[in-house]
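Undergrad: I need the structure of the sequence given here:
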Amino acid sequence: MAAKKESPRQRQGMATRRKVLGKAYVDASVVGRTEFNGPFLDLITESAWSHVWSRPNWTKRERSMVTLALLAALGHHEEFVLHLRATKNTGATMDDVREALLHVAIYAGVPAANTAMRIAKQTYAEMDAGKGRK
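TA: Predicted coordinates for the structure are as follows:
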């Protein structure tokens, strides 16, 4: 797919996305860009990463905790793992994640939090073992 000229929002979004998710992850998604998924990548880069994650009102740590709680509550487990791994870049600690998941248990339900706790425990173990670290 031919490269298009990046807008300032695209540049800002890509910079934030790389800072949060890591250069290797984002570079792999860029390599996987096709005519089919290109518009979707543009949408999330501008809306999520530029318009939301790049705002100055909250820190990356705070955004990370809220994102993890929402993903856990909604059962979006693959994205939950992605953002849990990103905590090494956002500054959200294991204690922060535990507190966010305790809120999930009360406000979104114990089953959602229970599943997220299990996934977090497994993901932290993999991160400690060096799997998937770039």
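Undergrad: domains of the chain?
TA: Domain assignment for the chain by automatic domain parsing gives 8-52, 60-128.
Undergrad: pipe those into JSON lines and attach mean neighbour count and mean pLDDT per row.
TA: Every C-beta, even on glycine, is put in place using the N, C-alpha and C of the backbone. Below are the domains of the chain laid out as JSON lines (neighbours: other C-beta atoms under 10 Å; pLDDT from 0 to 100):
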{"stretch": "domain 8-52", "mean neighbour count": "15", "mean pLDDT": "96"}
{"stretch": "domain 60-128", "mean neighbour count": "17", "mean pLDDT": "98"}
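Undergrad: ok, the most centrally placed residue in the chain - contacts?
TA: With distances taken as C-alpha atoms, centre = their mean, residue 83 lies nearest the centre of the chain, 3.2 Å away. By C-beta atoms under 8 Å, 6 or more residues apart in numbering, residue 83 lies in contact with 64, 67-68, 71.
Undergrad: for this protein, what's the longest helix?
TA: When the chain is parsed with DSSP state H, its longest helix is helix 110-128.
Undergrad: so residue 28 versus residue 41, what's the distance?
TA: Remark: distance between residue 28 and residue 41 (C-beta to C-beta, to the nearest Å) = 12 Å.
Undergrad: list the contacts for residue 115?
TA: Per C-beta under 8 Å, 6+ apart, neighbours of residue 115: 72, 75, 77.
Undergrad: quick one: the helices in this protein?
TA: For the chain, the helices defined by DSSP H occupy 8-21, 23-31, 38-44, 60-74, 77-85, 87-90, 94-107, 110-128.
Undergrad: for residue 52, find the nearest of these.
TA: In terms of C-beta to C-beta, the element of the helices of the chain nearest to residue 52 is helix 60-74, at 7.6 Å.
Undergrad: not counting sequence-adjacent ones, nearest residue to residue 88?
TA: Using C-beta to C-beta, 6 or more residues apart in numbering and skipping the chain neighbours, the partner closest in space to residue 88 is residue 127 (7.3 Å).
Undergrad: now that neighbour: how far from residue 53?
TA: Distance, residue 127 to residue 53, by C-beta to C-beta: 21 Å.
Undergrad: next one: residue 17
TA: Note on residue 17: its distance to residue 53, by C-beta to C-beta, is 8 Å.
Undergrad: nothing else from me, thank you.
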